[in-house]
Structures are given as C-alpha cells and as structure tokens.
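Q: sequence plus the predicted model coming up.
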Amino acid sequence: MELIIDNRQDKMDASEALIEKIKDIIVECLDYEGYDDDYEVSLSFVDNKEIHELNREYRGIDRATDVLSFPMLSDEFDIELEEESLGDIVISLEKAFEQSIEYNHSFEREVCFLVCHSVFHLLGYDHDTEENTKEMRQKEEYILNKLNITRE
C-alpha cells in the first residue's frame, strides 16, 4: 500500500506517528474487506477555507466539512498497474482539531476516525440510509478498536 501525502495547510502538525497510524488504518480496512495491499491512496491535509471551496465545488454544499472522499476504484479500465488507486481523501486538519475538542477526544483519534471513515467510502460504502450508516459505523469501530485507537 502506498500513501501519497500532500500537506497543503500550516495550522496543524501531522506527526510521523500519526502518519504511521493512518497507514495502519488503511491497511486494516483493506484487509478487513478482503483486498490485498497493492493499492495507492492519496491523502491531502487542508484547512477549513480550502475544504469549504472543495465542498462547494464538488458537492454543492457551501460550508466547511471535515473530510471528503473521491473514490477511484472501478472495473472500467482493464489496465495492469503495479498499484491501483483507491482514490483521494481530503481532510481539514483544522476542522478535525475543532471536532476533537467538541467530541472530547484527541486530535489523533479524530484524524484516525476520519481516515477510516473515508477509506470505507473509497471502498464503496455510504451512510445514505440508517442501515448503511449502522454497517459503516460497525466497520469503523472494529478497525479503530483493533488498532487500539480509542476515544480515551
């Protein structure tokens, strides 16, 4: 699994330890869903201003959000690549910090949750119905608990 990181913000620090946990989360999500690790994920860290612009442009929602997922996994092209892109994850570290305070847990836990949540979106899951939301939450909690990333 290759993780491509683009840090386009300067408000919050993304430590090496956090990056390692993010990699572990992605690998665990892939393993849990029966995928091998021959995939690439692009992860961009942005601030609230940039994610607001992206949310407005791609989703038509005129406000900042915490995370956006852009899935790329498809059978549309029959090309043999060394690593196939699962897609792009964009996280506002500024919003993640705000939410960590709001939810009374660590910044690291919030970022890890957002990555886990987004990877399941990249794998085709959604929370558009109550049943789908429940399924997605169970998967997220399983992965985070397995990696001992708790709410503290």
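A: Everything's here; your move.
Q: is it fair to say Cys29 lies in a helix?
A: Yes: under DSSP: H, G, I helix; E, B strand; the rest coil, Cys29 sits within a helix.
Q: surely it touches Val119?
A: Yes: taking CB atoms under 8 Å as the definition, Cys29 is a contact partner of Val119 at 4.3 Å. Where you see a C-beta, it was placed from the backbone N, CA and C, and this is true even at glycine.
Q: quick one: the strands in the chain?
A: 2-7, 39-46, 67-71, 84-92 (DSSP state E).
Q: confidence score at Leu81?
A: Note on Leu81: pLDDT of 48.
Q: go on, Ser74?
A: At Ser74, the pLDDT value in this model is 59.
Q: what sits in contact with each of Cys29 and Val119?
A: Residues touching both Cys29 and Val119 (CB atoms under 8 Å, 6 or more residues apart in numbering): none.
Q: with neighbour numbers in mind, choose between the two.
A: With neighbours defined as other CB atoms under 10 Å, Cys29 and Val119 compare such that Val119 has more, 29 against 26.
Q: quick one: contacts for the more buried one?
A: 25-26, 29-30, 41, 86, 89.
Q: could you redo the last one with a cut-off of 7 Å?
A: 25-26, 29 (CB atoms under 7 Å, 6 or more residues apart in numbering).
Q: repeat that for Leu93.
A: 9, 11-12, 14, 45.
Q: could you export those as a markdown table, including pLDDT?
A: Below are the contacts of Leu93 laid out as a markdown table (pLDDT from 0 to 100):
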| residue | pLDDT |
| --- | --- |
| Gln9 | 97 |
| Lys11 | 94 |
| Met12 | 96 |
| Ala14 | 94 |
| Phe45 | 98 |
